[in-house]
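>>> My questions are about this predicted structure, shown below with the sequence.
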Amino acid sequence: MFGLACFGTGISMFVTARLGLAPWDVFHQGVAVHTGLKLGWVIEITGVLILLLWIPLRQRPGVATILNAAEVGLVVNLIGNHLPSTDRLVPRLAYVVGAVVVIAIGSGFYIGAGLGTGPRDGIMVAIAARGYSVRVVRTVQEAAVLAVGVVLGGHIGIGTIAFMVGIGPLVHVLIPRLRLQPQQALAPAT
């Protein structure tokens with residue numbers, strides 16, 4: 001739950017920076033523009049709808065999958081309007097850098113818990129399990145939602161680039177360090 005709260009906080013930091021969002025959030029923002037819904041509600045509704053795509057792909061959700069669909073958007077709605085906003089570029093850039101780091105830490109915690117992937121990652125995992133490259137599947141998935149999000153009016157910018165370049169290497173470093181180790185049974189005393 002802590003990791004997912006970090007994820008929602010990072011998204012809120014990107015929104016507050018107004019320098020572009022991560023690809024999925026460009027999509028979420030574009031949908032929010034057209035529906036009038038708050039960004040967090042769009043994130044939650046999208047997560048639930050994506051879970052429906054898991055059925056034909058035969059993916060099984062874990063506890064973290066369900067929590068991801070519910071918690072991230074809730075956090076965005078709760079704290080999004082409470083972060084200090086400014087027109088000054090340096091603090092906005094600090095929000096972008098901080099957002100990438102906070103989302104990477106959040107990803108390390110929630111993925112490291114081993115309780116299931118997020119709804120969006122589950123699509124990638126299911127398609128990759130059918131013999132496609134994870135790198136290709138993830139790239140196509142991110143590019144597609146980014147393109148649709150831009151058409152719908154979502155914002156791209158330096159934050160989008162920072163996320164796309166920074167998240168992979170940071171998560172690569174953090175997941176092994178934040179992964180929970182399975183509990184081993186204690187050997188009986190002899």
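Right, received. Where do you want to start? Numbering: from 1, shown residues only.

>>> now the lengthiest helix in the chain, how far from the centre of its chain.
As assigned by DSSP state H, the longest helix anywhere in the chain is helix 89-112. The chain centre lies 11 Å from the centre of helix 89-112; the measure is CA atoms, centre = their mean, to the nearest Å.

>>> What residues of that helix count as buried?
Across helix 89-112, burial judged by 16 or more other CB atoms under 10 Å covers 92, 95-96, 98-112. C-beta: built from backbone N, CA, C; applies to glycine.

>>> ok, now stretch 49-69?
Applying 16+ other CB under 10 Å to stretch 49-69 flags 50-51, 54, 59, 61-62, 64-69 as buried.

>>> Closest to Leu19 out of those residues?
Asn68 (24.9 Å; CB to CB).

>>> List phi and psi for that closest one.
Phi and psi for Asn68, reported as degrees, to the nearest 10, are phi -60, psi -50.

>>> separation between it and Pro84?
With distances taken as CB to CB, to the nearest Å, Asn68 is found 27 Å from Pro84.

>>> swap in Ile161?
24 Å.

>>> And those two? Which one has more around it.
Ranked by neighbour count (other CB atoms under 10 Å), Ile161 and Pro84 place Ile161 first, with 13 against 7.

>>> looking just at contacts, which helices and strands does the helix or strand harbouring the more buried one meet?
Assigned by DSSP states H and E, Ile161 belongs to helix 158-178. If contacts are counted by 3 or more CB pairs under 8 Å, 6 or more residues apart in numbering; DSSP states H and E, helix 158-178 sits against helix 2-17, helix 23-35, helix 89-112.

>>> For it, buried residues please.
159-160, 162-164, 166-167, 170-171, 174-175, 178.

>>> What mean pLDDT does it get?
Helix 158-178 shows a mean pLDDT of 86.

>>> what angle separates that helix from helix 23-35?
Here helix 158-178 runs at an angle of 130 degrees relative to helix 23-35 (axes from the mean of the first three to the mean of the last three CA atoms, to 10 degrees).

>>> before we move on, the earlier item: nearest to Pro119, out of the helices and strands packed on helix 158-178?
Nearest to Pro119, of all those, is helix 23-35, at 10.1 Å by CB to CB.

>>> Can you tell me what sits against that closest one?
11, 14-15, 20-21, 37-39, 41-43, 46, 120, 142-143, 145-146, 148-156, 160, 163-164 (CB atoms under 8 Å, 6 or more residues apart in numbering).

>>> Next, name the residue at the spatial heart of the protein.
Nearest to the centroid of the C-alpha atoms of the chain, with distances taken as CA atoms, centre = their mean, sits Phe7, at 6.0 Å.
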